[in-house]
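S.K.: Sequence and predicted structure below; questions after.
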Amino acid sequence: MDQFQTLSILQMALNTNAIFTAATFFILWVAFRVAGKLREGEPNLLGKVLTTLFGLMIIYSGLTLFASRYASFGSATAGLKSIKASGQALGAQAEAFLSGPFASANTQFSLFNDLPSVIFWLVVTVLFLGMIWMPVSAKNPDKVTATAA
């Protein structure tokens, strides 16, 4: 495989990842909307549990998606480095990729390789679970009538 094929496969992987990322963020928005509606009403335990499971499946899917993107960068890096080690000269794009911040030597797929992504999904998880399970503060009826008048 040459550098053009390696970079083309990386581009196809990133395009696919972008489409799935857009879909994941849309369904995550739906999950937050459901959690918000659940919080506004009088939620029962079954509703809370089902919404939690729905959201956690989406969060796991997003974490897997981000890990896949990171593994794609690692595979492309390994491929370009092996081409370079075989004695072939790399083009400007391949050299720029190898010197960039996304060039990773780690080709193993792991959910926890990309620390910023893990932190992002951890924050999303805390926000989502807090929205569902944290108690709702009682609304002050005096404030409502005072602002209406």
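M.R.: Cool, got the structure.
S.K.: Just the pLDDT for Gly41.
M.R.: Note for Gly41: predicted pLDDT of 86.
S.K.: my bad, Pro101
M.R.: With respect to pLDDT, Pro101 has a value of 85.
S.K.: Count the neighbours of it for me.
M.R.: Neighbour count of Pro101, defined by other CB atoms under 10 Å: 6. Using the backbone N, CA and C atoms, a C-beta is placed for each residue, glycine as well.
S.K.: With Gln93 instead?
M.R.: Burial of Gln93 is recorded as 12 neighbouring residues (other CB under 10 Å).
S.K.: Check Leu10 too.
M.R.: 19.
S.K.: Ser68 versus the residue nearest to it when sequence neighbours are not counted, what's the distance?
M.R.: Distances taken as CB to CB, 6 or more residues apart in numbering place Ala76 nearest to Leu10, at 4.1 Å, with adjacent residues excluded. According to CB to CB, to the nearest Å, Ala76 and Ser68 sit 13 Å apart.
S.K.: tell me which element the residue nearest to Leu10 falls in.
M.R.: helix 45-85 (DSSP states H and E).
S.K.: Cross-check the contact I'm expecting between Ser110 and Ala67.
M.R.: Yes - counting by CB atoms under 8 Å, Ser110 does reach Ala67; the two are 6.3 Å apart.
S.K.: Those two - which one has more neighbours?
M.R.: In terms of neighbours (other CB under 10 Å), Ala67 is the more surrounded of Ser110 and Ala67; the figures are 19 against 11.
S.K.: Now do the helices in this protein.
M.R.: For the chain, the helices defined by DSSP state H cover 3-40, 45-85, 92-99, 115-133, 141-148.
S.K.: Ok, which of those comes nearest Asn106?
M.R.: Put simply, out of these the one that sits nearest Asn106 is helix 45-85, at 4.8 Å, with distance taken as CB to CB.
S.K.: The closest one vs helix 115-133, what angle?
M.R.: Going by axes from the mean of the first three to the mean of the last three CA atoms, to 10 degrees, helix 45-85 is angled at 170 degrees with respect to helix 115-133.
S.K.: quick one, helix 45-85 and helix 3-40 angle?
M.R.: Using the same axes, to 10 degrees, helix 45-85 lies at 170 degrees relative to helix 3-40.
S.K.: Thanks a lot, catch you later.
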